[in-house]
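Q: from the sequence below, what's the structure:
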Amino acid sequence: MKKLVNVVDVEGEGLVALLGENVLLFCMNYFYSGKLVGVNDKFVQLENAFIVYETGELKAKTFKDAQPLPDLWYVQTHTIESYGKSGR
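A: Next up, the predicted model:
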């Protein structure tokens, strides 16, 4: 049996590392995009946010169908399945 016996807490990883960046959040029901301006244990806060109904090609410069949301938008962290920087 193999066991992990040494755990290291790395500061500034995950969502916190992306503060100030444009991100794309793949969530349980919808995708969201915007500038990540806030992170806590329950929510992330997006500025200039969009709900993305259809991405199109992931390397494309624009989304195929994205609708603007009010200037600040909150997404519950427990719904986020994956995320990353977005050039859109």
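Q: please name the nearest non-neighbouring residue to residue 52.
A: What sits nearest to residue 52 in space, not counting adjacent residues and going by CB to CB, 6 or more residues apart in numbering, is residue 31, at 3.9 Å. Backbone N, C-alpha and C define where each C-beta goes, glycine included.
Q: what's the pLDDT at that neighbour?
A: pLDDT, residue 31: 98.
Q: which SS class is the residue positioned nearest the centre of the chain?
A: Taking CA atoms, centre = their mean, the centroid of the chain lies closest to residue 25, which sits 3.3 Å from it. Under DSSP: H, G, I helix; E, B strand; the rest coil, residue 25 falls in the strand class.
Q: OK, contacts around it?
A: For residue 25, the contacting residues are 31-33, 44, 46, 75, 80, 83, by CB atoms under 8 Å, 6 or more residues apart in numbering.
Q: switch the cut-off to 10 Å
A: 15, 31-34, 36, 44, 46, 49, 52, 75, 77, 79-84, 86 (CB atoms under 10 Å, 6 or more residues apart in numbering).
Q: what's opposite the residue nearest to residue 52 in the beta bridge?
A: Under the criterion DSSP bridges, residue 31 forms beta bridges with residue 26, residue 52.
Q: burial of it, as a residue count?
A: Other residues lying near residue 31 total 19 when counted by other CB atoms under 10 Å.
Q: can you check residue 61 too?
A: With other CB under 10 Å as criterion, residue 61 counts 8.
Q: can you pull the phi/psi pair for residue 79?
A: For residue 79, the backbone dihedrals (degrees, to the nearest 10) come out as phi -90, psi -10.
Q: test my guess that it contacts residue 31.
A: No. Contact criterion CB atoms under 10 Å: residue 79 and residue 31 do not qualify, at 11.0 Å.
Q: which ones among the contacts of residue 25 lie within strands?
A: Among these, DSSP state E puts 31-34, 36, 44, 46, 49, 52, 75, 80-84 in strands.
Q: closest to residue 66 among the residues you listed?
A: Distances from residue 66 to the ones in strands among the contacts of residue 25, taken as CB to CB, are shortest for residue 52 (4.6 Å).
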